[in-house]
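Participant: here is my input; please provide its structure:
(2 chains)
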Amino acid sequence: MVSRRKAARIAPYVVVLGIAGFLYRSASQIDYFAPAGRIGPDFWPKMVLVLMIAACVYEIVRIGLFSKDDSASGVLQTLSASPPTDQSQPPPRVEQPSYPLRLVLGIALTVLYAAVVPITGFFLTTVGYLVAFMALGRYPRMVLAVGVSFAGTLLLLYFFMKVAYISLPIGHAPFSAVSLYLMQVMGVR
Amino acid sequence: MDVIQHLATGFVHVFQLPNLLSLLVGLVLGLLVAVLPGLTLVMGVVLALPFTYHMQITPAIILLTAMYVSGTYAGAWTSILFRVPGEPMDVPLLWDGYTMARKGGAAAALGWTLVAALFGGLLAATVMVALAQPIARIALTFSTPEYFGIIFFGLVSVGSLGGGSITNAFISLFFGLLISTVGVDDIYGAERFVFGVPLFKDGIDYLVVMVGAYGLGEVFSRMEKGFASAAVERTGDVRTRLPTWREVVAVRMTFLRGSIIGIVVGLVPGAGATIASFVSYGTELQYGRRRNELGTGIPEGIVAPQTAATSSVGGALIPLVTMGVPGSGATAIILGAFLLHGLQPGPQVFTTSPEIIYAMFASLFVGIIGMCVIGYFAAKLMVRVLDLPEAIVSAYVVTCCFLGAYASRSNVTDLWLLAGFGIVGYLFERLRFPITPLVLGVILGPIAETSFMTTMVSFNNDWTVFFTRPVSGTLMVMACAALVSPLVRHRLQQRQARRTRPTQGAS
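Facilitator: This is a model prediction of the structure:
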């Protein structure tokens, strides 16, 4: 019987295995014409997928049947496992608190940025995003956060549009009016 | 003679105003990135990349290289003074650097770090200049099987030598290789893994993967931890006291050992400054004259990791410029910058664009000296960035990620991919899948596939050609050795542990 702890360790490999299986099926359906005897465009991804499946199966079997500890480690892990004795007592390991809700909100905010930026334009979206992000990060001085967000976004807008000549999204009306006004002030055509 | 002439021209290029300015900006940014909590060296180089899109190639490469080299130095300050390693490579500095500082020798510890970075960096830069052209000349004779062998060796080393689980590293690498196949294939024009999404037809830009997985992923991870940086514990004034000539001569072998280890480790694809720093400290622990005193705050414990970390930069740049294979995460991004500007590093570049390559080489010499000068005078000022609130720094990191992803193709839909790869990066970090193999897979995947497919076409699908040609065969054997060695080492460690356990039980 696989313990709960082991199941949690196996889960990512099962997910990757599933994705690899799906992609292998998809690779088998690649439409192409190749001269006889020549390998096609599906060969390389299929080869990589087979290796990926093999790695996942190996890890699932290893954890499920044999594992008590972690797998073979790289050079770094081996070396850092044996620091000098005595000494400076490297930083003590403190259990860090976790804030999953903040993470979910942060991801949602980022996805929202990608969705909204074509509509509201770079300037307004970025200022809003920066303020919201700082609030989410529990930065206490919100007036300063708003000021820093405005100033920083203006600076980035100026650098990219005026110096680097990269056209940033200006958005749709009525929001585009803000972008166009700022561009006019900065002398961007 | 030819090399010296090119290098002299390179120095002339470096001292032109735009290049010198880029160098200065790169050095300062690299130092700041290494000091700032929540920003790693690789992440810093990634974030600087979009600002170089519209620059000329020479200042762009100079800026990123300067960031790379100075980023291997400034993390030592926070390790020594505040017990906060700026980068993983600075962890060994806690053992002797921080101890020396606690005993009241903070200024001396900073002085040893500076001299170590200067010596290691300059020696590695000299070796790089001396070796680059001969290696490139040899590489010119290579055909597609040899190229595949080099890339195969590079990819396998990345998987085997990094920290953590090898299987996870390889799964990460395979993901990267698969991402690089998305879109219309070059040889047959067939659509692969497009799933009817127009965005995927043009393929997935490696920049989006890099910026998303490294930058955004890291910010998400830190956000989950509430942006809680380690508590800063000051040990003394930020001053630098340089060691005397006699003190330096007394530890000359440590300087030399550390530098050689750094160059050699840097040469191996996938093994960057962090591994160099740990290996060098480990070697000192085994062979050093004062190995029994290591960890008590002696100069050897500072010199060994710092010389290796900085000299690994020169070593890592050799495979990048001579064969187009990046030796570390940061060089992978510098490779990306070369490609962005339409220049493929490799042996041909020494004949087609020597001025760019030698300007980069010369900038490394000037940069190392400049970095030490800035470090000597401005360390006190720079460590004050530690006081910056992490929520503000991270908010701007994310904004730079957005700009980096958007500006490469001026495509707003790339922001969706960025968010996606940010989540992937976070999950990878959470589940302990390393990100560097993923990024290298995306960058080197197309080259690996093209050289593999071309070889198969040229040699009638005879895969044994990779093993029967002397150079590619040697590289394949080396790759197999790199693959097997961690497993063998692990078994040996297990056996040793089993042997010691009964002994302990008996006592």
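Participant: list the contacts of residue 45.
Facilitator: Just going to use chain A. Contacts of residue A:45 were listed using Cβ atoms under 8 Å, 6 or more residues apart in numbering or on different chains, and they are A:23, A:27, B:178, B:181, B:192, B:193. Any C-beta I mention is one placed from the backbone N, CA and C, and that applies to glycine too.
Participant: ah, no, chain B please
Facilitator: With Cβ under 8 Å, 6+ apart, residue B:45 has these contacts: B:33, B:64, B:67, B:68, B:71, B:330, B:333, B:334.
Participant: again, only this time at 7 Å
Facilitator: B:64, B:67, B:68, B:330, B:333 (Cβ atoms under 7 Å, 6 or more residues apart in numbering or on different chains).
Participant: repeat that for residue A:132.
Facilitator: Per Cβ under 7 Å, 6+ apart, neighbours of residue A:132: residue A:109.
Participant: pretty sure residue B:149 contacts residue B:466?
Facilitator: Yes: checked against Cβ atoms under 7 Å, the pair residue B:149 and residue B:466 is within contact range at 6.3 Å.
Participant: what about the two, which has more around it?
Facilitator: residue B:149 (25 against 21; other Cβ atoms under 10 Å in any protein chain shown).
Participant: check which helix or strand covers that one.
Facilitator: Using DSSP states H and E, residue B:149 maps to helix B:144-161.
Participant: which of the residues in that helix are buried?
Facilitator: B:144-161 (16 or more other Cβ atoms under 10 Å in any protein chain shown).
Participant: stretch B:370-381 now?
Facilitator: B:370, B:371, B:372, B:374, B:375, B:379.
Participant: check contacts around the second one.
Facilitator: Okay, so that is residue B:371. Contacts of residue B:371 were listed using Cβ under 7 Å, 6+ apart, and they are B:27, B:69, B:70, B:73.
Participant: now do the first one: how many residues are near it, please.
Facilitator: The burial metric for residue B:27, expressed as a neighbour count using other Cβ under 10 Å, is 28.
Participant: which residues touch residue 156?
Facilitator: By default, I'm working from chain A. B:399, B:403.
Participant: that answer is for a different chain, and I need it for chain B
Facilitator: B:479, B:482, B:483.
Participant: can I assume the second one is in contact with residue B:157?
Facilitator: Yes: contact status for residue B:482 versus residue B:157: in contact at 4.9 Å, counting by Cβ under 7 Å.
Participant: picking that back up, which one of the contacts of residue B:45 sits in the busiest neighbourhood?
Facilitator: Most surrounded of the contacts of residue B:45: other Cβ under 10 Å gives residue B:330, at 31 neighbours.
Participant: so what's that one closest to, chain neighbours aside?
Facilitator: residue B:68 (4.5 Å; Cβ to Cβ, 6 or more residues apart in numbering or on different chains).
Participant: my guess is that neighbour contacts residue B:328. True?
Facilitator: No: taking contacts as Cβ under 7 Å, residue B:68 lies outside contact range of residue B:328: 8.5 Å.
Participant: what about residue 48, which helix or strand?
Facilitator: All of this refers to chain A. Under the criterion of DSSP H and E, residue A:48 resides in helix A:43-61.
Participant: was after chain B, sorry
Facilitator: Per DSSP H and E: helix B:41-48 holds residue B:48.
Participant: low-confidence ranges in chain A?
Facilitator: A:1-2, A:68-96, A:189 (pLDDT under 70).
Participant: go again with 90.
Facilitator: Along chain A, segments meeting pLDDT under 90 span A:1-9, A:29-40, A:62-100, A:102, A:136-142, A:145, A:155-176, A:179-180, A:182-189.
Participant: find the closest residue to chain B in it.
Facilitator: Nearest to chain B, among the residues of chain A, is residue A:137, at 2.9 Å (Cβ to the nearest Cβ).
Participant: backbone dihedrals for the residue lying closest to that residue once chain neighbours are set aside, please?
Facilitator: Nearest non-adjacent residue to residue A:137, counting by Cβ to Cβ, 6+ apart: residue B:391, 2.9 Å away. The phi and psi values for residue B:391, taken as degrees, to the nearest 10, are phi -60, psi -40.
Participant: name the helix or strand for the residue nearest the centre of chain A, please.
Facilitator: Closest residue to the average C-alpha location of chain A: residue A:107 at 9.4 Å, with Cα atoms, centre = their mean. Using DSSP H and E, residue A:107 maps to helix A:100-136.
Participant: list the buried residues of that helix.
Facilitator: A:102-103, A:105-107, A:109-111, A:113-114, A:116-118, A:120-136.
Participant: any idea how far it is from the middle of the chain?
Facilitator: With Cα atoms, centre = their mean, to the nearest Å as the basis, helix A:100-136 stands 15 Å off its chain's centre.
Participant: likewise for stretch B:449-456?
Facilitator: 28 Å.
Participant: list the contacts of that stretch.
Facilitator: Outside stretch B:449-456, the residues touching it (Cβ under 7 Å, 6+ apart) are A:39, A:44, B:144, B:145, B:147, B:148, B:151, B:186, B:187, B:465.
Participant: try it again at 6 Å.
Facilitator: Contacts to stretch B:449-456, defined as Cβ atoms under 6 Å, 6 or more residues apart in numbering or on different chains, come from residues A:39, A:44, B:144, B:145, B:147, B:148.
Participant: check what pLDDT residue B:332 gets.
Facilitator: On pLDDT, residue B:332 comes in at 82.
Participant: same check, this time on residue B:502
Facilitator: In this model, residue B:502 carries a pLDDT of 56.
Participant: ok, now the one 3 residues further on?
Facilitator: Residue B:505 carries a pLDDT value of 48.
Participant: cool, and residue B:359?
Facilitator: Reported pLDDT for residue B:359: 93.
Participant: number of residues surrounding residue 166?
Facilitator: You didn't say which chain, so I picked chain A. For residue A:166, the count of nearby residues is 18 (other Cβ under 10 Å).
Participant: can you look at chain B instead?
Facilitator: Applying other Cβ under 10 Å, I find that residue B:166 has 21 neighbouring residues.
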